[in-house]
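Trainee: The following block contains a protein sequence and its predicted model.
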Amino acid sequence: MRCLKLQLIKYSRKAHERGLTAAFGGNLSVRTGSLVLIKSTGSVMDDMTAGQIASITLDGKVLSPVRPSSEYRLHLEVYKKRPEVRAVVHLHPPYAIAASSILKKELPIITPEAEIYLRRIPVIPFKPAGSVELAKSVAEGLSEVDAVLMERHGVVTVGRTLREAFYKAELVEESSKLWYLTRNSL
């Protein structure tokens, strides 16, 4: 358990350092069996500590003294829809948010790396943050792909490990940036 918490801290800080989220935004989680470890509500990713990681069950029962992120429903719905997934990353990268505000269906794939690791990046229509509707829409959007953009809200990626899910999120931001920089010439 300690190892998973250290991974959450490492990749939370890395997300902030790389400009993939700011202030209170974003949340990462890992699943082990029927237990989910997730960033607590109100914590900031660049100074995460083990005490700011909430523990919840797959049915949403809080087992820790700290409350989970307001997006915990999104994480739980994804884990229920995709039992093989062991990590969910939700970040607010600037180019991904810009792309999701302009595009309505899907982010065009430009690089071979994105084509290999992401295949497609659908855009999920806007739903209020933290809502059941958003959670269900994202889980459905991730049923056959490992990354989605949420309109005006950011990116959600999944993986078998937190490392894998994190680097997929970074790849979505790179893809969004490349699309944004070349959109008038495509």
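Mentor: Alright, I've got the coordinates. Keep in mind that this is a model prediction, so the values were computed, not measured. Numbering: from 1, shown residues only.

Trainee: Residue 56: what secondary structure?
Mentor: At residue 56 the chain is in strand, as set by DSSP: H, G, I helix; E, B strand; the rest coil.

Trainee: Please name the residues that touch it.
Mentor: 35, 36, 38, 62, 63, 64, 68, 72, 76 (CB atoms under 8 Å, 6 or more residues apart in numbering). To be clear about C-beta, it is placed using only N, CA and C from the backbone, and glycine gets the same treatment.

Trainee: Could you report the pLDDT at the fifth one?
Mentor: Reported pLDDT at residue 63 in the predicted model: 95.

Trainee: With the last one instead?
Mentor: According to the predicted model, the pLDDT of residue 76 comes to 97.

Trainee: ok but it is inside a helix, no?
Mentor: Yes. The assignment for residue 76 is a helix, going by three-state DSSP.

Trainee: Show me which helix runs longest in this structure.
Mentor: Using DSSP state H to assign secondary structure, the helix with the most residues in the chain is helix 162-182.

Trainee: what are the ranges of the strands in the protein?
Mentor: Remark: strands assigned in the chain by DSSP state E are 27-32, 35-39, 53-57, 87-91, 123-124, 147-150, 154-159.

Trainee: Next, format the ones you listed as a markdown table and append distance to residue 1.
Mentor: Below are the strands of the chain laid out as a markdown table (distance: least, CB to CB, whole Å):
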| stretch | distance to residue 1 |
| --- | --- |
| strand 27-32 | 7 |
| strand 35-39 | 8 |
| strand 53-57 | 9 |
| strand 87-91 | 15 |
| strand 123-124 | 32 |
| strand 147-150 | 27 |
| strand 154-159 | 19 |
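
Trainee: mind putting those in JSON lines, mean pLDDT and distance to residue 169 included?
Mentor: Below are the strands of the chain laid out as JSON lines (pLDDT from 0 to 100; distance: least, CB to CB, whole Å):
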{"stretch": "strand 27-32", "mean pLDDT": "96", "distance to residue 169": "9"}
{"stretch": "strand 35-39", "mean pLDDT": "96", "distance to residue 169": "14"}
{"stretch": "strand 53-57", "mean pLDDT": "96", "distance to residue 169": "19"}
{"stretch": "strand 87-91", "mean pLDDT": "98", "distance to residue 169": "5"}
{"stretch": "strand 123-124", "mean pLDDT": "98", "distance to residue 169": "15"}
{"stretch": "strand 147-150", "mean pLDDT": "98", "distance to residue 169": "7"}
{"stretch": "strand 154-159", "mean pLDDT": "98", "distance to residue 169": "4"}
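
Trainee: Out of those strands, which one sits most buried?
Mentor: Mean neighbour count (mean count of other CB atoms under 10 Å) peaks for strand 87-91 among those, with a mean of 29.
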